[in-house]
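A.B. asks: Generate a structure from the sequence data that follows.
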Amino acid sequence: MKKLLICNHKMFLTYDEAVILNQKMSEIDFSMIDLIICPSYLNFDVFKEYKLGAQDAFYEKSGAYTGEISSYDLSLRGIKYSIVGHFERRKYDTNNTINLKVKALLKNMMTPILCIGETMMDKELRRTSEVIKKQLYSALNDIKLEDNEQIIIAYEPVWAIGNGNNLSKNEIEDVLKYIRKLLKQREISNYKLLYGGSINKNNIKNILTDEADGYLIGNSSVNVEELLYISKCIK
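C.D. replies: Numbering: from 1, shown residues only. Alright, predicted model coming up:
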C-alpha cells in the first residue's frame, strides 16, 4: 500500500507563489505515493490536478457565519478531504465543535483529517496518553463509520510543530500503537494513521516507520526541494 503524504500549505503562499510551486511540482514523479494537497481556499484551482483537501471546514450547511466555508460547499466543488482539529485551529474550536465538523465532513462524503497531539506542558506532566484519548474520543463521539467512509488521524505533537523539535522513532511508534488501540476500542477500522510535526529532509529518515501509514507536512510542503526529498524517502 502506498504511503500517504498530506501537504498543509497553511497561509504560506500567495497565488503567484502557488503557481510557481505547482510548475516545479509538475516535474516530480509522485506515482509511488498517495499525495493530498491542502492549499489555501484561494489556491484550489492552482493544484486542481492533485487530490485536494481544505485546511478547515465549517459544520453548518449555510447561514450567517462570516468568514466560514462549509463542508457542504466544499463537497460541491469536488473537495474530498479536510483537515480538522489542527492545533492552530483548536484555540478557536472546542472539542464539541471539532466533533460537529467531523460529522459534517462525513455527512458530505468527505474524509476528515483529524489532528491530535499534546502540548509541551502535557508532555512534561506525562499527560500525553490522557490528552490524546480525550481529543480522539471527543472528536469521534457518536460516530460510526460506514463501509464507504474513512477517517485519517494525524498525530502532531504541538510542541514539535514549526520549531525543528521531533520525537524519536521509538516514541512515535509508541504513540501510534496507542492510537490504534484506542481506535480498536471504538470499533473503528477504516482509517489511516499519520505522523506530523516539523518533518523535513534532515529528520525524515530517522522517523520513518511502518506504524505510520503516511505523514503530514507543513512548511516543507511549500519548498519543492524538501518535498521532493521527503516523497522519495517515504515511497
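
A.B. asks: Which stretches in this protein count as strands?
C.D. replies: 4-8, 34-38, 51-54, 81-84, 111-116, 151-155, 191-196, 214-217 (DSSP state E).

A.B. asks: Rebuild those strands as CSV, extending it with distance to Ser231.
C.D. replies: C-beta here means a position set from N, CA and C on the backbone, and glycine is covered the same way. Listed next are the strands of the chain as CSV, based on distance: least, CB to CB, whole Å:
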stretch, distance to Ser231
strand 4-8, 6
strand 34-38, 8
strand 51-54, 14
strand 81-84, 18
strand 111-116, 18
strand 151-155, 17
strand 191-196, 14
strand 214-217, 10
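
A.B. asks: could the ones you listed go into a markdown table alongside distance to Ser138, mean neighbour count and mean pLDDT?
C.D. replies: As requested, the strands of the chain are exported to a markdown table (distance: least, CB to CB, whole Å; neighbours: other CB atoms under 10 Å; pLDDT from 0 to 100):
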| stretch | distance to Ser138 | mean neighbour count | mean pLDDT |
| --- | --- | --- | --- |
| strand 4-8 | 22 | 24 | 98 |
| strand 34-38 | 23 | 23 | 98 |
| strand 51-54 | 21 | 22 | 98 |
| strand 81-84 | 12 | 26 | 98 |
| strand 111-116 | 10 | 26 | 98 |
| strand 151-155 | 13 | 24 | 98 |
| strand 191-196 | 16 | 22 | 97 |
| strand 214-217 | 20 | 26 | 97 |
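
A.B. asks: between those strands, which gets nearest to Arg90?
C.D. replies: If you check each of the strands of the chain against Arg90 by CB to CB, strand 111-116 wins as the nearest, at 8.2 Å.

A.B. asks: what angle do that closest one and strand 151-155 make?
C.D. replies: On the basis of axes from the mean of the first three to the mean of the last three CA atoms, to 10 degrees, strand 111-116 is oriented at 20 degrees to strand 151-155.

A.B. asks: low pLDDT regions in this structure?
C.D. replies: Scanning the chain for pLDDT under 70 picks out the ranges 162-165.

A.B. asks: Any idea which residue is closest to the centre of it?
C.D. replies: In the chain, the C-alpha nearest the mean C-alpha coordinate belongs to Ile113, at 4.6 Å (CA atoms, centre = their mean).

A.B. asks: Out of the strands of the chain, which gets nearest to Ile161?
C.D. replies: strand 191-196 (7.4 Å).

A.B. asks: buried residues in stretch 203-215?
C.D. replies: Within stretch 203-215, the residues that qualify as buried are Asn203, Ile204, Ile207, Leu208, Glu211, Ala212, Asp213, Gly214, Tyr215, counting by 16 or more other CB atoms under 10 Å.

A.B. asks: quick one: which of the residues you listed is nearest to Glu225?
C.D. replies: Closest approach to Glu225 among the buried residues of stretch 203-215 (CB to CB): Ile204, at 12.7 Å.

A.B. asks: Many thanks, we can stop here.
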